[in-house]
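> Requesting a structural model of the entry that follows:
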Amino acid sequence: MSIGDTVFDNGLSTITSNATRLDICSTDPGTTYATVTGNTLGNKTSITVGSPADAATGTGRRVVVSAITDGTVTGNGTASHWAITNATDTVYASGTITGGGQTVTSGNTFTLDAIDVIIRDPV
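Residues are numbered from 1 along each chain as shown. Predicted coordinates for the structure are as follows:
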């Protein structure tokens, strides 16, 4: 099976056009917004998401969420996952924080490396 880049790009463009917030969470939020809001330990609003492009490995298409240097921590615990949302009701992507997570304390700031959101080519 072959799928054209345009199909992948249209899906990824939804993230570029609509994502406004990245949350750090204490558990895997999957694609359920209530799980994000129930397990968030902090967030960054006004995130920057790039345009769809070839994945670094050349095996699909990706968008890159810029690194975060000034996220707001709102709870105490270990942030093990991230979720990209529209801050209202939709989770566009979620994943594991590289390196095993971060211990965070309410009132502090958090940092996060840039994140590749990739749709892989069919095999």
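
> Ile119: which element?
Take DSSP states H and E as the rule and Ile119 turns out to sit in strand 115-120.

> Tell me which residues of that strand come out buried.
For strand 115-120, burial by neighbour count (16 or more other CB atoms under 10 Å) applies to 115, 117-119. From N, CA and C alone the C-beta is placed, and that goes for glycine too.

> What pLDDT is listed against Gln102?
We have a pLDDT of 89 for Gln102.

> I'd like to know the phi and psi angles of Thr35, please.
Main-chain torsions, Thr35, degrees, to the nearest 10: phi -70, psi -40.

> burial count for Asp89?
Neighbourhood size, Asp89 [other CB atoms under 10 Å]: 9.

> What sits closest to Met1 if chain neighbours are left out?
Distances taken as CB to CB, 6 or more residues apart in numbering place Pro122 nearest to Met1, at 5.0 Å, with adjacent residues excluded.

> The one you found contacts Val7, correct?
No. If you go by CB atoms under 8 Å, Pro122 and Val7 don't touch, sitting 10.8 Å apart.

> Give me the sheet partners of the strand holding Ile119 and which way each runs.
strand 60-65 (antiparallel) (DSSP bridges).
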